[in-house]
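K.L.:
quick one: sequence and predicted model below, then my questions.
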Amino acid sequence: MENTTGLPGHVLARPVPTADDVSLYRGYSADIAAGVAVISTLLRGRDYAATVSGFLSVSYDPPTMLVSLYAESRIAEAVTASGTWALSVLGSRHRSTADWLASPGTPVEGLLAQIPFRRGAESGAAVIDGSLAYFELRSTAVHAAATHILVVGEVLSMGTLMAGVEGMDPLVHFGSAYHRLQN
(Lines give C-alpha, C1' and ligand atoms only; values in the text may rest on other atoms or scores of the structure.)
Protein backbone atom coordinates (compact mmCIF):
# COMPACT_ATOMS: atom_id res chain seq x y z
CA MET A 1 0.00 0.00 0.00
CA GLU A 2 1.08 3.56 -0.57
CA ASN A 3 2.21 5.60 2.43
CA THR A 4 0.49 9.00 2.22
CA THR A 5 1.49 10.34 5.66
CA GLY A 6 4.86 11.65 4.61
CA LEU A 7 6.52 9.41 7.20
CA PRO A 8 9.16 7.06 5.86
CA GLY A 9 7.80 3.59 6.46
CA HIS A 10 5.52 0.81 5.40
CA VAL A 11 1.71 0.71 5.57
CA LEU A 12 0.32 -2.77 6.22
CA ALA A 13 -2.14 -4.34 3.82
CA ARG A 14 -5.69 -4.40 5.14
CA PRO A 15 -7.71 -6.30 6.19
CA VAL A 16 -5.07 -9.06 6.19
CA PRO A 17 -1.32 -8.30 6.41
CA THR A 18 0.85 -9.91 3.73
CA ALA A 19 3.80 -12.20 4.39
CA ASP A 20 6.07 -9.20 3.69
CA ASP A 21 4.16 -7.14 6.29
CA VAL A 22 4.65 -9.89 8.89
CA SER A 23 8.35 -10.23 8.04
CA LEU A 24 8.94 -6.48 8.37
CA TYR A 25 7.03 -6.40 11.66
CA ARG A 26 9.06 -9.32 12.99
CA GLY A 27 12.29 -7.48 12.15
CA TYR A 28 11.27 -4.15 13.66
CA SER A 29 9.73 -5.66 16.80
CA ALA A 30 12.90 -7.72 17.42
CA ASP A 31 14.61 -4.40 18.14
CA ILE A 32 12.50 -3.80 21.25
CA ALA A 33 14.70 -4.60 24.25
CA ALA A 34 12.93 -6.74 26.84
CA GLY A 35 13.78 -8.54 30.02
CA VAL A 36 13.83 -12.34 29.96
CA ALA A 37 11.99 -14.56 32.42
CA VAL A 38 10.80 -18.12 32.90
CA ILE A 39 7.12 -18.76 33.46
CA SER A 40 6.34 -22.02 35.22
CA THR A 41 3.41 -23.87 36.64
CA LEU A 42 2.68 -27.18 38.30
CA LEU A 43 -0.27 -29.10 36.88
CA ARG A 44 -1.27 -32.62 37.99
CA GLY A 45 2.19 -33.19 39.50
CA ARG A 46 4.06 -32.19 36.31
CA ASP A 47 6.25 -29.11 35.78
CA TYR A 48 5.69 -26.87 32.78
CA ALA A 49 8.04 -23.99 32.01
CA ALA A 50 9.00 -21.71 29.12
CA THR A 51 11.14 -18.67 28.42
CA VAL A 52 9.21 -15.42 27.93
CA SER A 53 10.11 -11.82 27.12
CA GLY A 54 6.54 -10.54 26.85
CA PHE A 55 5.67 -9.69 30.44
CA LEU A 56 5.04 -6.51 32.38
CA SER A 57 3.90 -4.99 35.61
CA VAL A 58 0.29 -3.86 35.21
CA SER A 59 -0.48 -2.31 38.61
CA TYR A 60 1.23 -1.63 41.91
CA ASP A 61 -2.01 -1.59 43.92
CA PRO A 62 -2.90 -4.36 43.94
CA PRO A 63 0.35 -5.86 42.60
CA THR A 64 -0.61 -7.30 39.20
CA MET A 65 1.39 -8.61 36.24
CA LEU A 66 0.68 -9.78 32.69
CA VAL A 67 2.41 -12.34 30.48
CA SER A 68 1.92 -13.06 26.78
CA LEU A 69 1.94 -16.75 25.76
CA TYR A 70 1.55 -18.43 22.38
CA ALA A 71 -2.01 -19.77 22.57
CA GLU A 72 -1.18 -23.18 21.08
CA SER A 73 1.74 -23.87 23.46
CA ARG A 74 1.89 -26.41 26.29
CA ILE A 75 2.71 -23.64 28.76
CA ALA A 76 -0.38 -21.62 27.77
CA GLU A 77 -2.60 -24.63 28.23
CA ALA A 78 -0.98 -25.54 31.56
CA VAL A 79 -1.08 -21.99 33.01
CA THR A 80 -4.71 -21.61 31.98
CA ALA A 81 -5.64 -24.97 33.54
CA SER A 82 -3.67 -24.57 36.78
CA GLY A 83 -4.61 -20.96 37.55
CA THR A 84 -1.36 -20.29 39.46
CA TRP A 85 2.13 -19.71 38.09
CA ALA A 86 5.54 -18.28 38.83
CA LEU A 87 7.62 -15.79 36.87
CA SER A 88 11.41 -15.87 37.47
CA VAL A 89 13.30 -12.85 36.08
CA LEU A 90 16.62 -14.11 34.71
CA GLY A 91 20.14 -12.76 35.03
CA SER A 92 22.79 -13.07 32.32
CA ARG A 93 24.14 -16.22 33.96
CA HIS A 94 20.83 -17.93 33.04
CA ARG A 95 21.38 -17.77 29.26
CA SER A 96 21.55 -21.57 28.92
CA THR A 97 18.30 -21.91 30.92
CA ALA A 98 16.63 -19.35 28.65
CA ASP A 99 17.89 -21.16 25.54
CA TRP A 100 16.75 -24.56 26.80
CA LEU A 101 13.25 -23.45 27.80
CA ALA A 102 12.80 -21.50 24.54
CA SER A 103 13.72 -24.53 22.40
CA PRO A 104 10.91 -26.17 20.47
CA GLY A 105 10.25 -29.80 21.32
CA THR A 106 11.59 -29.81 24.86
CA PRO A 107 10.51 -32.97 26.72
CA VAL A 108 7.58 -32.97 29.08
CA GLU A 109 9.30 -35.44 31.41
CA GLY A 110 12.51 -34.12 32.97
CA LEU A 111 12.07 -30.61 31.58
CA LEU A 112 13.71 -29.04 34.65
CA ALA A 113 16.07 -31.91 35.53
CA GLN A 114 19.21 -29.85 34.80
CA ILE A 115 17.90 -26.51 36.11
CA PRO A 116 18.32 -25.61 39.80
CA PHE A 117 15.03 -24.36 41.24
CA ARG A 118 12.91 -24.20 44.36
CA ARG A 119 9.17 -24.65 44.74
CA GLY A 120 7.10 -21.54 45.31
CA ALA A 121 5.23 -21.67 48.61
CA GLU A 122 1.99 -20.27 47.13
CA SER A 123 1.89 -21.86 43.66
CA GLY A 124 4.10 -24.94 43.95
CA ALA A 125 5.63 -23.81 40.64
CA ALA A 126 9.36 -23.86 39.95
CA VAL A 127 11.24 -20.66 40.84
CA ILE A 128 14.65 -20.54 39.16
CA ASP A 129 17.59 -20.36 41.60
CA GLY A 130 19.55 -17.10 41.34
CA SER A 131 16.60 -15.20 39.83
CA LEU A 132 16.89 -11.41 40.00
CA ALA A 133 13.26 -11.39 41.12
CA TYR A 134 10.43 -13.87 41.26
CA PHE A 135 6.68 -13.53 41.48
CA GLU A 136 4.05 -16.14 42.26
CA LEU A 137 0.69 -15.30 40.75
CA ARG A 138 -2.95 -16.35 40.56
CA SER A 139 -4.62 -15.77 37.20
CA THR A 140 -7.42 -13.21 37.29
CA ALA A 141 -8.09 -12.86 33.54
CA VAL A 142 -7.12 -14.43 30.25
CA HIS A 143 -7.58 -12.49 27.01
CA ALA A 144 -7.17 -13.71 23.43
CA ALA A 145 -4.81 -11.51 21.38
CA ALA A 146 -4.17 -12.72 17.81
CA THR A 147 -2.00 -15.88 18.08
CA HIS A 148 -1.38 -15.36 21.81
CA ILE A 149 -3.18 -15.16 25.12
CA LEU A 150 -2.56 -12.46 27.69
CA VAL A 151 -2.68 -13.87 31.20
CA VAL A 152 -3.21 -11.33 33.97
CA GLY A 153 -2.33 -12.39 37.49
CA GLU A 154 -2.43 -11.01 41.00
CA VAL A 155 0.84 -11.36 42.88
CA LEU A 156 0.65 -13.83 45.78
CA SER A 157 4.33 -13.66 46.81
CA MET A 158 7.57 -12.20 45.50
CA GLY A 159 11.24 -11.97 46.28
CA THR A 160 14.75 -12.57 44.99
CA LEU A 161 16.99 -15.60 45.00
CA MET A 162 20.18 -13.58 44.59
CA ALA A 163 22.75 -13.27 47.35
CA GLY A 164 22.85 -9.45 47.00
CA VAL A 165 22.54 -6.61 44.53
CA GLU A 166 26.18 -6.86 43.45
CA GLY A 167 26.42 -8.79 40.25
CA MET A 168 22.84 -7.93 39.30
CA ASP A 169 23.12 -8.37 35.54
CA PRO A 170 19.78 -8.90 33.79
CA LEU A 171 19.40 -11.04 30.69
CA VAL A 172 17.91 -8.95 27.88
CA HIS A 173 16.33 -10.02 24.60
CA PHE A 174 17.18 -7.68 21.70
CA GLY A 175 17.66 -8.20 17.98
CA SER A 176 16.36 -11.79 18.21
CA ALA A 177 19.15 -12.76 20.64
CA TYR A 178 19.99 -12.72 24.36
CA HIS A 179 22.40 -10.08 25.67
CA ARG A 180 23.74 -8.70 28.93
CA LEU A 181 23.67 -5.06 29.84
CA GLN A 182 27.10 -3.46 29.60
CA ASN A 183 28.30 -1.20 32.40
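P.N.:
Nice, I can see it.

K.L.:
name the residues of the longest helix along the chain that are buried.
P.N.:
What stands out as the longest helix in the chain, according to DSSP state H, is helix 19-29. By neighbour count on 16 or more other Cβ atoms under 10 Å, the buried set for helix 19-29 is D21. No exception for glycine: its C-beta is placed from N, CA and C like everyone else's.

K.L.:
residues in contact with it: which ones?
P.N.:
Helix 19-29 has contacts (Cβ atoms under 8 Å, 6 or more residues apart in numbering) with H10, L12, A13, P17.

K.L.:
what do you get for stretch 152-159?
P.N.:
Stretch 152-159 is contacted from outside by 58, 62-67, 84-85, 120-123, 133-143, using Cβ under 8 Å, 6+ apart.

K.L.:
number of residues surrounding the residue lying closest to V38 once chain neighbours are set aside?
P.N.:
Closest residue in space to V38, ignoring its immediate chain neighbours: S88 at 4.6 Å, by Cβ to Cβ, 6 or more residues apart in numbering. The number of residues packed near S88 is 29, by other Cβ atoms under 10 Å.

K.L.:
just checking, D169 touches G91?
P.N.:
Yes: with contact defined as Cβ atoms under 8 Å, D169 counts as touching G91 (5.3 Å).

K.L.:
what about the two, which has more around it?
P.N.:
Taking neighbours as other Cβ under 10 Å, D169 and G91 compare with G91 leading, 22 against 15.

K.L.:
the more buried one is in contact with G130, isn't it?
P.N.:
Yes: applying Cβ under 8 Å, one finds G91 in contact with G130, separated by 6.3 Å.

K.L.:
so what sits against both of the two?
P.N.:
In contact with both G91 and G130: M162, using Cβ under 8 Å, 6+ apart.
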